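**Student:** sequence unavailable; structure follows:
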Ligand code: PBG
């Protein structure tokens, strides 16, 4: 008898396909990255990220209200820092009245139930565009971690729900956890960027925040001494196990699409929630191809976020979040 199995029966029409579909996207899947700038009434489109904007505190408040009404319940905040406030020590990063600290409060004021996660790394605050303190061509680990812990604490004090260290220094999750506990912020969580690769896909993000490593003698031009080598798989597991031991509540893989094998490996290995960051360059590629009429924007977007979830993501961090939710509602 031929064929003995007919798999196409389950694909006959949309009704049966939807009945047996294994991965379904909903607003609950998403964490929305947002870029914050000083000013009033600012909604400034990022050239390499079409239809994505830098927002001032007032327009940020409108945005989070809209996100909430669409069923999106968490945001990840990044700030663009004035050049005058940048140094090599992260002074502004720990300012209790800094832009990030005010942004956290602004979101909570506008939308008290919105989960606020905040990026912890020095790059937007660094004259060198590095995630830590630079000395003689080296990004110092332990000295950077000390500042990053203070930065994390200042976010917690301002009301951040989850600290998101994206710096890839060793031991930072433990140091942050210890300081939060010591200061009484027991319920402030940590979403650690655990398997964060030194990737060329972060370009548009660095445009958005003006945070790219600078071209100077004695300053490394890339982040390869702290972010992971993209040839590595086992190292991602090592990083993940350590981050969880150090107290991470959520671990992250970043970028997304090129790293879905890593997502699945980690999913099979550990039992904490996994966030995947579909990064700026991934967003830009889809936008650019769609603008040229080379790809169907919405179809590709939905396929990509579904693939990320299918690979094992519990949380999808994506610039497409709002578009996807509008599309599927
Ligand atoms: C900062 C940080 C970066 C991203 C998130 N946090 C840039 C970098 O590491 O250079 C990239 C996000 C994106 O490209 O969308 N440490």
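**Tutor:** Here it is on my side, so go on. None of these values were measured; they are calculated from a predicted model. Numbering: from 1, shown residues only.
**Student:** quick check: buried residues in the helix or strand harbouring residue 51?
**Tutor:** For residue 51, the element it lies in under DSSP states H and E is strand 49-55. Buried residues in strand 49-55, counting neighbours by 16 or more other Cβ atoms under 10 Å, are found at 49, 52, 53, 54, 55. All C-beta spots, glycine's among them, are computed from the backbone N, C-alpha and C.
**Student:** helix, strand or coil for the closest residue to the ligand within the stretch 101-250 of the chain?
**Tutor:** Residue nearest to the ligand within the stretch 101-250 of the chain: residue 205 (3.2 Å; Cβ to the nearest ligand atom). Per DSSP: H, G, I helix; E, B strand; the rest coil, the local secondary structure of residue 205 is helix.
**Student:** wait, which of the buried residues of strand 49-55 is closest to the ligand?
**Tutor:** residue 49 (8.6 Å).
**Student:** could you find the closest non-adjacent residue to that closest one?
**Tutor:** Counting by Cβ to Cβ, 6 or more residues apart in numbering, residue 204 is the residue found nearest to residue 49 once chain neighbours are left out, at 4.9 Å.
**Student:** run a quick neighbour tally on that neighbour.
**Tutor:** 22 (other Cβ atoms under 10 Å).
**Student:** how about the helix or strand where residue 288 lies and the ligand, touching?
**Tutor:** Using DSSP H and E, residue 288 sits within helix 280-291. Yes: using Cβ under 6 Å from any ligand atom, helix 280-291 reaches the ligand at residue 280.
**Student:** what about the residue of the stretch 101-250 of the chain closest to the ligand, distance to residue 249?
**Tutor:** 24 Å (Cβ to Cβ, to the nearest Å).
**Student:** got it, and residue 235?
**Tutor:** The value you get for residue 235 to residue 249, if Cβ to Cβ is used, is 22 Å.
**Student:** return the set of buried residues in whatever helix or strand residue 176 lives in.
**Tutor:** Secondary-structure element containing residue 176, defined by DSSP H and E: helix 172-182. Under the neighbour-count criterion of 16+ other Cβ under 10 Å, helix 172-182 has 172, 173, 174, 175, 176, 177, 179, 180 buried.
**Student:** ok, the helix or strand following it: who's next to it in the sheet?
**Tutor:** Sequence order places strand 189-196 as the next helix or strand after helix 172-182, per DSSP H and E. Strand 189-196 sits in its sheet next to strand 162-165 (parallel), strand 250-254 (parallel), going by DSSP bridges.
**Student:** chain center to strand 189-196, what's the gap?
**Tutor:** 9 Å (Cα atoms, centre = their mean, to the nearest Å).
**Student:** which residues does it contact?
**Tutor:** 117, 161-168, 172-173, 176-177, 180, 227-228, 235-236, 239-240, 243, 246-254, 259, 262, 266, 275, 277 (Cβ atoms under 8 Å, 6 or more residues apart in numbering).
**Student:** what about the ligand: which of those residues touch it?
**Tutor:** 166, 167.
**Student:** out of the contacts of strand 189-196, which are buried?
**Tutor:** Buried among the contacts of strand 189-196 (16+ other Cβ under 10 Å): 117, 161-168, 172-173, 176-177, 180, 227-228, 236, 239-240, 243, 246-254, 259, 262, 266, 275, 277.
**Student:** do I have it right that residue 239 meets residue 228?
**Tutor:** Yes: assessed by Cβ atoms under 8 Å, residue 239 is found in contact with residue 228 at 7.1 Å.
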